[in-house]
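>>> Take a look and give me a structure for this.
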Amino acid sequence: MKKALIIGANGTIGTSIANEFKKEGIVFDGTFSNTIHKTFFHFNLADEDTQINYSDYSRVIICAGIAGKNVELSPDLAQQININGTIRLIDRVHEAGGQVTFISSSAVFSAKQQSSNETSIPSPKTLYGKHKLRVEEYLLDPSVSCFNPSIIRPTKVLSGKKGLIKSWLDDRRFTTNKAVTLSPISDIFLAKLVTEIHVGNEIGIFHVSGQDILNYVEFAERLILETGTSPKEKNTIEDYSQLPDSATHLTTSQEMSNLNLIQTLDEFFKDILFH
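Below is the predicted model of the structure:
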């Protein structure tokens, strides 16, 4: 039986997918690009000469790429990895007879397109969103090939073990922007969905979103309440210059399917605090 391959298996999302695959007994390999991992192998999307025997894999899950402010800071490198290297990888996987699961983003929609569903026409404003959409368009272009991909568009993915939440709880210092909103999903919730898609060989576009829309003050207050944290410091700002250009909430037209695509806030906090 062929294995799965997780590209970027040591990142936040990739690590959670790897953990879920292990739990479900799914055989897989993983790659890393920067931080060395003792069981995964090195792979860099910018390296045209990297040799992988893709015929060993039935499905490749692409979690790697440059995101956030780093896209704007290094636009040429970001394009090389997020578009050129990713499309080159897709071609090689397809030539070997495998399928692709591509972790895209709600950033393919602008801030004016809140609550878009899978049939809505993307209109990204950020460079990161444009990179994600370019790969989506390539995967879905019938004139290129019939890839039959799984394209997953998550909203804000957060982990309880690293990043924003961990830093808030470790330092007990909360700096929040009342003007900025999010609809969080946990890395665990997303990993479970990727696993279901892999096992069920599901194809198409999947919107994965938090059910609720909160500003960061409301989110921090809920986190404090759930954890019983006594903050050392709470700073609240209302800086509209920091408003994102991307959608922070999505809906789905596939709610009647057997896939759970929307996570409630209660489920989110249960995941990040009790796993």
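
>>> ok, N53 - contacts?
By CB atoms under 8 Å, 6 or more residues apart in numbering, the contact set of N53 is A96. Placement of C-beta: from N, CA and C, glycine included.

>>> now it: how far from P149?
Distance of N53 to P149, given as CB to CB, to the nearest Å: 21 Å.

>>> for the residue nearest to N201 when sequence neighbours are not counted, what are its contacts?
Leaving aside its sequence neighbours, N201 sits nearest to Q99 (CB to CB, 6 or more residues apart in numbering; 7.7 Å). Q99 makes contact with 58-60, 93, 147-150, 201, 203 under the criterion CB under 8 Å, 6+ apart.

>>> Relative to L193, which of these is nearest.
For those, the minimum distance to L193 (CB to CB) is 9.8 Å, reached by S150.

>>> Pull up the gap between that closest one and I197, please.
Spatial separation of S150 from I197 under the definition CB to CB is 5 Å.

>>> Find the residues that touch each one of these two.
In contact with both S150 and I197: 101, 206, using CB under 8 Å, 6+ apart.

>>> These two: which is more packed in?
S150 (24 against 19; other CB atoms under 10 Å).

>>> The more buried one and E136: what is the separation?
Where E136 is concerned, S150 sits at a distance of 11 Å (CB to CB).

>>> what ranges do the strands span in this protein?
3-7, 28-32, 41-42, 57-62, 99-103, 150-154, 157-158, 173-177, 181-182, 185-186, 204-210, 214-215, 233-237, 262-263 (DSSP state E).

>>> Quick check: bridge partners of the residue nearest to N201?
Per DSSP bridges, the residues bridged to Q99 are R59.

>>> Now do it against I224, distance only.
Relative to I224, and taking CB to CB, Q99 is found at 43 Å.

>>> now do I152
In terms of CB to CB, I152 sits 31 Å off from I224.

>>> Of these two, which one has the most company?
I152 (23 against 17).

>>> Mind pulling the model confidence for the residue nearest to that one when sequence neighbours are not counted?
Closest residue to I152 apart from its sequence neighbours, by CB to CB, 6+ apart: F206 at 5.0 Å. Looking at F206, its pLDDT reads 96.

>>> F206 and I262: what is the separation?
The separation that F206 has from I262, given CB to CB, amounts to 11 Å.

>>> And H37, by the same measure?
For H37, the distance to I262 - CB to CB - is 32 Å.

>>> more neighbours, those two?
For H37 versus I262, neighbours defined as other CB under 10 Å are more numerous around I262 (20 against 16).

>>> one step back: who touches both of F206 and I262?
Residues touching both F206 and I262 (CB under 8 Å, 6+ apart) are T252.

>>> re the thing from before, can you check which residues contact both of S150 and E136?
Residues touching both S150 and E136 (CB under 8 Å, 6+ apart) are F102.

>>> and L259, how many residues sit next to it?
Residues lying near L259 (other CB under 10 Å) number 17.

>>> my read: it touches V194, true?
No. Counting by CB atoms under 8 Å, L259 stays clear of V194, with 10.7 Å between them.

>>> Which pLDDT value goes with N258?
Model confidence at N258 (pLDDT) stands at 84.

>>> Report the beta-bridge partner residues of F28.
Beta-bridge pairing for F28 (DSSP bridges): A4.
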